[in-house]
Every structure is written in C-alpha cells, then in structure tokens.
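Trainee: curious how this folds, go ahead:
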Amino acid sequence: MAMTRHNRRRGNSTIEFTLVGIPMIFAVISIFELSRGMWIYHSLAAAVKAGTRYAMVHGQDCALLPNTCTVTIGQIASQIQAGGPGLLATDMQVTFTDATGTSVGETLADALNDSTQWPPAAASGVGQPVTISATYPFTSAISMFWPGAGQGVGPYQTVNFPASSTEKIQF
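Mentor: Residues are numbered from 1 along each chain as shown. Below is the predicted model of the structure:
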C-alpha cells in the first residue's frame, strides 16, 4: 500500500516546477534586464552631464591670456566617454547645441575625432547656454517573452534612451 501511494506522487515535482519554477526564472531574468536598462540609462545621463560640465567652464573668458583653454568637440566627447563607462561610442548619438541653436550631431566615435571648436566663439560668452543631448539604444532579450512582441520589427524591440543636459557658460 505504501508503494501505491509513492507511485501516485511521482509526477508532483515536475508539475510543481512547471507551475512555480518557470515563472520564477522569468521573474529573475526580468529583474536583471530591468537593472541593466536602468544602469545604461543612468550611465548615459551621467556621461552627458560630465560633458556639459566640462564645456561650461571653457567659454570665451577662459581663453583670455594667459589661459588657452578653448575646447573642441573631441575633447568634450572624451569627457562624455569617460563619464559613461561601458557605453559603446559607436552606438551613442550625441548632439551639441550652442546658444544660437546651431546643432552638431554625430556618433560619439566620430565626435572623438572632431577638432571643431565648441562652443563657437560667437556663442561662448558668459551666461550663454550649452546643451548636450544623447541617445543610446537598449535592446532587451526579455521582450521576446512578452505577448505580441514579435509583431512589426521582430522579437527584439529596441528602445532609444534619451539624455540631455543644459548648463550656462561660467567663464
């Protein structure tokens, strides 16, 4: 009789794992993917802020003798790259906007080699705003599990995380 009871319970572990284990695995993967997305977004925002802070202290008055501290887009881009460790320079789109509203947009990889002075002399006076904006793509593997995620573009959906920072030139 004891053997019969044991035989009736044989499949319980498999059923319990199916009902509890698979949703728990999905929840753990979701937590990791959300955490990765938040880390990328935070890193992007910190990187853009670092670039803007660097640009705001290198205005027109900073270049007065004996100082020679005008900066280029490449120098600002290197500050952005240093401020966002782990972000790929080829994936990040960066836009530099000066006080006149003129924008320069390119990938961070291209900006690292750009020797254009920024902000330009006409828009680098004290109190003039400088804005740096960036977008970075985030593709989560978890999107393939969501119902309807395969519609349109494909099973892996890409979200472009935006970040922007505006500061006034200090000197």
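Trainee: the longest helix along the chain - contacts with which helices or strands?
Mentor: Determined from DSSP state H, the single longest helix within the chain is helix 22-56. In terms of contacts (3 or more CB pairs under 8 Å, 6 or more residues apart in numbering; DSSP states H and E), helix 22-56 is packed against helix 73-83, strand 129-139, strand 158-168. Yep, even glycine has a C-beta here, placed from its N, CA and C like the rest.
Trainee: quick one: closest of those to residue 29.
Mentor: Of all the helices and strands packed on helix 22-56, strand 129-139 sits nearest to residue 29, with 14.5 Å by CB to CB.
Trainee: list the strands paired with the closest one, with their directions.
Mentor: Partners of strand 129-139 in the sheet, by DSSP bridges, are strand 93-97 (antiparallel), strand 158-168 (antiparallel).
Trainee: and those, which one's lowest on average pLDDT?
Mentor: Ranked by mean pLDDT, the strands paired with strand 129-139 end with strand 158-168 at the bottom, a mean of 95.
Trainee: list the buried residues in it.
Mentor: Using 16 or more other CB atoms under 10 Å as the test for burial, strand 158-168 gives 161, 163, 165, 167.
Trainee: need the contact partners of it.
Mentor: Contacts to strand 158-168, defined as CB atoms under 8 Å, 6 or more residues apart in numbering, come from residues 37, 40-41, 44-45, 47-49, 51-53, 55-56, 126-140.
Trainee: tabulate the helices and strands packed on helix 22-56 (TSV), appending distance to residue 103.
Mentor: As requested, the helices and strands packed on helix 22-56 are exported to TSV (distance: least, CB to CB, whole Å):
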stretch	distance to residue 103
helix 73-83	12
strand 129-139	9
strand 158-168	12
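Trainee: can you tell me which of those comes nearest to residue 12?
Mentor: When those are compared by CB to CB, strand 129-139 sits nearest residue 12, at 39.0 Å.
Trainee: and the contacts of stretch 24-40?
Mentor: Stretch 24-40 is contacted from outside by 86, 87, 136, 138, 140, 141, 142, 145, 159, 161, using CB under 8 Å, 6+ apart.
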